[in-house]
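# dropping a prediction and its sequence here:
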Amino acid sequence: MLIKSKSAASALGVLLLAGAAFGQDAEPIKLGVLEDQSGDFALATIGKVHAIQLAAEEINAAGGIDGRPLELVEYDTQSDNTRFQEFMRRVLQRDKVDAVFAGFSSASREAYRPIVNQFDGLAFYNNQYEGGVCDANMIVTGAVPEQQFSTLLPYMIENYGPNVYTIAADYNFGQISAEWVRNIVAENGGTMVGEEFIPLGVSQFSQTIQNIQAAKPDFVVTLLVGTAQASYYEQAGAANLALPMASSVNVGQGYEHKRFTPPSLKDMYATVNYVEEIDTPASKEFVEKFRAKFPNEPYINQEASNSYAAVYLYKQLVERAKSTELADIRKVIAEGDVCVDGPGGQMCIDPKSQHVSHTIHLAHVTEDHSVEFPTKWEAIQPYWLGQAGCDLTVSDPSEQYTPSNPPPANG
C-alpha cells in the first residue's frame, strides 16, 4: 500500500526549503493532503497534489505564512472512500494538521465530511461538483452548477436545439447534477428525451449508444467520471454518433481531448474555470511554473488550478486572522472580501456558502482536438445556496442540499 506521509520524498522539497528559510524554532503550519494518487481517479487528481506542492514551495520561499513554514502531510487515498475516512482521522487526530485539502469524488467528500465535523477541522474541497454543501467546516473552490450549467445549457439549446439526453455517473455527483440539468433544460424551453445513470467502473456503452441513437437528441450531456467511463467517447466515435456534447466535468478534469484519438471529442463543450489552453498572462505564467517543477505532467487541469489557488486563499485567511483556528478564520470569511487571482481568474469566497466565485470559460473541442473558447462569463457567484437559505454566518446545518431538497425556510 502506497502511503505518502510528511516524510515522503514528494514533500521533501517543501520541507528542505522550509528548513533553509526559517529558524529551527519556527512552528510549521501543517496541511493535510488527502488525494487519489492511485486508483480510478488518479489521472485527474495527481495534478492537484503537484499544485499544492508548488504553492507551498512558493509560499515558503517568500517567507511562509506569518513567518511560519508550510509542511505537507500527504496520504494516497487510492480512490477508496474508506481510505479517506481512515486518513482523515489520522491527519486530524495524530498528525494534528491545521487544514486538510481532500478529495476528488463527491462520494469521497461525503465519506470524510462527518469526520471533519466531528473534530471541528477545516477542509478544502478543490473540485468541481454538484453543489449544495452548506457546512462551516468546508471551503469549496471548485465550480458549481449555477456557474456551469446555467451558462452551458442555454448556449447549447440556442446553438444546437432543445432535445437533450443525459448520461451520468451513478452516484451523488451524477444524480444531483442530472437534476440540475433537468431543471435548467426545462427553464430554457428544452425537453429531456433521455437520461441514463452509469455505474462507476462500467466501460462498455453499446446499449447506451443505441438508446441515444433511438432518442435522436440534439446534443448529449455527458457527466461521466473516471478512466473506465471515459471509454464512452471512443465507442461513440466508432459508432458515428456524431452528436454535440456538453459537460461540466470532461476536458477540464480528465483531459479526454488529449487522451483519445480525434475526432472522438469533436464538438464537446465544457464550462471550466481553468484549463491549460487558456491564453492569458496568468495562465501562461502558471503553466510555465508548473512545467518547470513537473515537466512530465500530462495536463494541467482545473482542479490543479483550484488547489493551487486554495493554498493562497488559506494563506490570506491565516494572515488576516493571525490564527489557524477555525473560528478566527471564519470571522475573516464573514468580512466578504477574501479573494485571490487564480490562473483562470479572480476567485472570492462567498461568506454565506464558503464557495468561491469564478470566471467560467466555454471550452470547445474542435475536430482535431484543439480547444477554442467561444465565450466566457466573468465573476459568476456561487449564488444558489445563499438564495436558497444557506447562511453560514448565521447557522451551520452541515448538510448537502439539492434543488428538490433545499434548505429549510428559516435557514
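On my side now, so go ahead.
# rest of the way, CA atoms for contacts and neighbours
Noted.
# with just CA atoms, put stretch 320-329 into PDB.
The C-alpha atoms that make up stretch 320-329 are tabulated as PDB, following Å, rounded to 0.1, in the frame of the first residue of the first chain:
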ATOM      1  CA  ARG A 320      -5.600  38.200   8.300                       C
ATOM      2  CA  ALA A 321      -6.900  36.100  11.200                       C
ATOM      3  CA  LYS A 322      -3.400  35.900  12.800                       C
ATOM      4  CA  SER A 323      -4.500  32.400  13.700                       C
ATOM      5  CA  THR A 324      -5.100  29.000  12.300                       C
ATOM      6  CA  GLU A 325      -8.200  28.400  14.500                       C
ATOM      7  CA  LEU A 326     -11.400  27.800  12.500                       C
ATOM      8  CA  ALA A 327     -13.400  30.300  14.500                       C
ATOM      9  CA  ASP A 328     -10.900  33.100  13.700                       C
ATOM     10  CA  ILE A 329     -10.700  32.100  10.100                       C
END
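# now the helices for the stretch 251-400 of the chain?
Defined through DSSP state H, counting those that start in this stretch, the helices belonging to the stretch 251-400 of the chain, from first to last, are 256-259, 281-293, 302-321, 326-334, 383-388.
# the second one: how far from the chain's middle?
When C-alpha coordinates are averaged (C-alpha atoms, centre = their mean, to the nearest Å), helix 281-293 and its chain have centres 19 Å apart.
# which residues touch it?
Residues from elsewhere that reach helix 281-293 (C-alpha atoms under 8 Å, 6 or more residues apart in numbering): A51, L54, E276, I278, E297, I300, G342, P343, G344, G345.
# same thing with the last one?
With C-alpha under 8 Å, 6+ apart as the contact definition, helix 383-388 has outside contacts at G132, C134, E146, K352, S353, D391, P406, P407.
# do the shortest one as well
Where contact means C-alpha under 8 Å, 6+ apart, the residues beyond helix 256-259 that reach it are A230, N250, V251, L265, V365, H369, S370.
# check these and tell me the two furthest apart.
For these, the maximum inter-member distance is 18.3 Å, found between A230 and S370 (C-alpha to C-alpha).
# neighbour-wise, which of the two wins?
For A230 against S370, the residue with the higher neighbour count under other C-alpha atoms under 10 Å is A230, and the figures read 22 against 15.
# got the confidence number for that one?
If you check A230, the pLDDT there is 92.
# does it touch L224 like I think?
Yes: with contacts counted by C-alpha atoms under 8 Å, A230 reaches L224, the gap being 6.6 Å.
# name the SS class of F197, please.
Assigned with DSSP: H, G, I helix; E, B strand; the rest coil, F197 falls in the strand class.
# that one contacts A169, doesn't it?
Yes: counting by C-alpha under 8 Å, F197 does reach A169; the two are 5.5 Å apart.
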